[in-house]
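> Model the following, please.
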Amino acid sequence: MVLAVTDASPSLSRRGLLLLGGGSLAFGAAALARPAEAAETVLAEAVSRYNRIRVSERGTVRTMYFVGDDGTQFIESRHDRSRPQSLDLDYTRTMMAGFLLQPRPRRLLMLGLGGGGMSNYLKARFPELEIDAVDIDPEVVRLAQEFFDVPKDDPRYRVHVADARLFVERAAADVRWDMIMLDAFRGVFVPYHLKTAEFYRACLARLSPDGVVVANLHNVTRMYPHDRETTSAVFPQRYSFVSETGNQTTLVASAGRERVGAYQIRANARAVQPQFDADMLGLAARYYIRRDWEDSAEVLKDDFKPAELEAAAGRHNQTCVKNCRYGL
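The predicted structure follows:
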């Protein structure tokens, strides 16, 4: 079930909207009694092949939304101009768990730009970090550059308009990244060709020896067990960190054969804390090792031949405009 958030309702992060099918959501009286907030001002709207995009502002807070056919707004990025070097969404803070396993990345690949919240944040806090940010939607890129301070011409922060899978598979043979962050959502969904074992193997092949892949997963959806089973089939080591709200898991997967223990994760948190305003020690405390998905889950696979991949990616991106079909 998706919690519908209409134009007349406060909008929530599209990564935090999915609930268990058949479940219910109750709002307390205290939440309903909140003081009225000032109305948002719409700064820009655009319709692309993939999205209807809206940029709005309330006070110092600027938000990029993806808007559904029924008016539902899904938060794609949020930026508080009074705190330009902070992360305002729970899931983005949780994704900083990648730095608990790879505390000194030199090259970062961000698959899914949105408004550039995470990539801008990391560029500000790690000036020497070299970033490649990829988004399939040229309108998203244009609005990110116009309203969210994503640079148009920075040799250390390069923005690419491309499908994430095609970008990874077509990168130069010698290119390696120390961290690959996966945030290529279409509304509340991720296109199928960005969820399969073949995609994760392509990412694994592009990691440096001590590199990590960082993925944001909804842990309350029917796809979560399949996502976990798929990543387990590809990566030698996986580390799980639950979000503050509890409904999302950041998975950090590495190519290394040697397991990193909880003590080293805490030590890394202490080492990197001065570079973050997020509570990295608190994040390290949300590391868990239990298996939280059922044994019957399937590994997601595709069998695209190289010549078929571009057409298949196009189909999956297009069918995700309204509702991704996963065939399970």
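
> What segments of the stretch 1-150 of the chain are strands?
12-13, 41-47, 52-58, 61-67, 73-80, 107-111, 130-135 (DSSP state E, counting those that start in this stretch).

> Would you mind finding the most buried of these?
Burial of those is given as mean neighbour count (mean count of other CB atoms under 10 Å); strand 107-111 ranks first at a mean of 25. C-beta here means a position set from N, CA and C on the backbone, and glycine is covered the same way.

> So which residues make contact with that strand?
The contact list for strand 107-111 (CB atoms under 8 Å, 6 or more residues apart in numbering) reads 118-119, 122, 129-134, 164, 167-168, 176-184, 194, 206, 208.

> filter those residues to the buried ones?
118-119, 122, 129-134, 164, 167-168, 177-184, 194, 206 (16 or more other CB atoms under 10 Å).

> Quick one: mark the members of these that sit in helices.
By the criterion of DSSP state H, membership of the buried ones among the contacts of strand 107-111 in helices covers Met118, Ser119, Leu122, Ala164, Phe167, Val168.

> What is the nearest of the residues you listed to Pro103?
Leu122 (12.8 Å; CB to CB).

> That closest one is in contact with Ile131, isn't it?
Yes. Checked against CB atoms under 8 Å, the pair Leu122 and Ile131 is within contact range at 6.9 Å.

> can you pull out the helices in the stretch 151-300 of the chain?
164-170, 197-205, 224-234, 262-272, 280-285 (DSSP state H, counting those that start in this stretch).

> I'd say Gly116 and Glu146 touch.
No. Assessed by CB under 8 Å, Gly116 is found out of contact with Glu146, at 11.2 Å.

> The two - which one has more neighbours?
For Gly116 versus Glu146, neighbours defined as other CB atoms under 10 Å are more numerous around Gly116 (27 against 13).

> The closest residue to the more buried one other than its chain neighbours - how many residues pack around it?
Leaving aside its sequence neighbours, Gly116 sits nearest to Val150 (CB to CB, 6 or more residues apart in numbering; 3.9 Å). Using other CB under 10 Å, the number of residues around Val150 comes to 26.

> for Arg125, same thing?
16.

> do you know how far it is from Glu294?
Distance, Arg125 to Glu294, using CB to CB, to the nearest Å: 38 Å.

> Format the helices of the stretch 151-300 of the chain as CSV; extra columns: distance to Val67.
Converted to CSV, those look like this (distance: least, CB to CB, whole Å):
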stretch, distance to Val67
helix 164-170, 22
helix 197-205, 27
helix 224-234, 26
helix 262-272, 36
helix 280-285, 31
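
> got TSV for those, with mean pLDDT too?
Listed next are the helices of the stretch 151-300 of the chain as TSV, based on pLDDT from 0 to 100:
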stretch	mean pLDDT
helix 164-170	94
helix 197-205	97
helix 224-234	96
helix 262-272	98
helix 280-285	98
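
> Ok, which of the ones you listed comes nearest Leu89?
Closest among the helices of the stretch 151-300 of the chain, using CB to CB: helix 280-285, at 14.1 Å.

> same for the closest one, what does it pack against?
helix 98-101, helix 262-272 (3 or more CB pairs under 8 Å, 6 or more residues apart in numbering; DSSP states H and E).

> Which secondary structure elements does the longest one sit against?
Judged by 3+ CB pairs under 8 Å, 6+ apart, helix 262-272 is in contact with helix 98-101, helix 280-285.

> Could you list every helix and strand that the shortest one packs against?
Right, the one you point to is helix 98-101. Helix 98-101 packs on strand 207-218, strand 237-242, strand 248-254, helix 262-272, helix 280-285, going by 3+ CB pairs under 8 Å, 6+ apart.
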